[in-house]
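A.B. asks: Here's my sequence, what's the structure:
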Amino acid sequence: MREAPGEHLGPRLDRLAFGGAQSVQVFLQQPANAFLGCAPVAAFGARGARLLIVGLAPGLHGANASGRPFTGDASGDLLFAALRDETWADLGPDALRRYESLVAIWEGMPFPEPHLHINMLGTRRSHAGKGYGRRILETVQAASRRPPASRGVSLSTEDPANVRLYEHCGYRVLQHARVTASLETWIMFRENGPPAPERA
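C.D. replies: Residues are numbered from 1 along each chain as shown. Next up is the predicted model:
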């Protein structure tokens with residue numbers, strides 16, 4: 001792990017980072033690992049993170065195949081499941097129930113298949129109204145048109161102000177559902193076709 005001059009993670013994590021670097025060198029010297037073709041892959045995550053997680057097992061079907069640590073094998077399944085459980089523990093049971101209710105609504109939708117889905121879209125408030133969101137929508141729609149069998153693009157929003165914007169971009173509401181007393185969701189779909197007209 002590379003640190004900027006004068007930056008330290010604290011005594012315990014500093015030792016972990018040093019020990020991890022030493023372990024990587026020992027790992028690469030093992031004949032079996034050389035035979036498997038295992039090699040270091042680039043790290044990912046926030047540069048200022050306070051916790052470093054190092055994977056040392058041969059990543060023949062995981063990191064070596066995907067080029068990303070903890071991706072594609074059982075170690076990643078275990079790690080991300082643990083991180084997910086910790087996240088929901090921090091957010092609390094009410095947030096988990098809202099999320100599970102939303103997922104149940106989304107999974108019950110008979111979308112035309114196959115299609116692309118926009119999971120999350122947002123712009124900074126300082127950049128609102130400059131057309132960035134629309135460009136992203138059109139870029140995804142163009143990507144959806146390339147495979148001949150693709151039917152279109154789906155998305156959902158929990159902000160009623162966004163519904164009109166998406167409709168203007170060619171989306172139509174497939175379902176409107178109330179999740180809780182204060183939370184609604186609109187599930188929308190745009191079929192592949194010509195690009196939406198530019199705003200006047």
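A.B. asks: domain ranges for the protein?
C.D. replies: 11-89, 93-191 (automatic domain parsing).
A.B. asks: just the helices in this structure please.
C.D. replies: For the chain, the helices defined by DSSP state H cover 11-28, 31-36, 63-66, 74-91, 93-107, 132-145, 160-168.
A.B. asks: Can you flag the weakest of the domains of the chain by average pLDDT?
C.D. replies: For the domains of the chain, the weakest mean pLDDT is recorded on domain 11-89, namely a mean of 69.
A.B. asks: Return the backbone torsion pair for the residue positioned nearest the centre of the chain.
C.D. replies: Residue closest to the mean C-alpha point of the chain, counted by C-alpha atoms, centre = their mean, is Asn119 at 8.1 Å. When read as degrees, to the nearest 10, the backbone of Asn119 gives phi -80, psi -40.
A.B. asks: and if you look at the one 5 residues further on?
C.D. replies: Dihedral angles of Arg124 (phi, psi; degrees, to the nearest 10) stand at phi -60, psi 150.
A.B. asks: Return the distance of it relative to Ala104.
C.D. replies: 32 Å (C-beta to C-beta, to the nearest Å). All C-beta atoms are positioned from the backbone trio N, CA, C, and that covers glycine.
A.B. asks: Looking at those two, which is more packed in?
C.D. replies: A side-by-side neighbour count of Arg124 and Ala104, using other C-beta atoms under 10 Å, places Ala104 first with 11 against 7.
A.B. asks: and the gap between the more buried one and Glu86?
C.D. replies: Counting by C-beta to C-beta - Ala104 and Glu86 are separated by 23 Å.
A.B. asks: What of Ala49?
C.D. replies: Ala49 is 14 Å from Glu86, by C-beta to C-beta.
A.B. asks: Next, find the distance separating His176 from Glu107.
C.D. replies: 17 Å.
A.B. asks: right, and Val179 touches Ile105 too?
C.D. replies: Yes - judged on C-beta atoms under 8 Å, Val179 makes contact with Ile105 at a distance of 7.1 Å.
A.B. asks: and the closest residue to Thr157 other than its chain neighbours, what is it in contact with?
C.D. replies: Excluding the flanking residues, the one nearest Thr157 by C-beta to C-beta, 6 or more residues apart in numbering is Trp186, at 5.3 Å. Applying C-beta atoms under 8 Å, 6 or more residues apart in numbering, one finds that Trp186 lies in contact with 156-158, 160, 162-163, 173, 175-176.
A.B. asks: so what's Trp186 bridging to?
C.D. replies: Under DSSP bridges, the beta-bridge partners of Trp186 are Thr157, His176.
A.B. asks: Same question for Arg172.
C.D. replies: Phe189.
A.B. asks: residues near it, how many?
C.D. replies: Neighbours around Arg172, by other C-beta under 10 Å: 10.
A.B. asks: do Leu155 as well
C.D. replies: 20.
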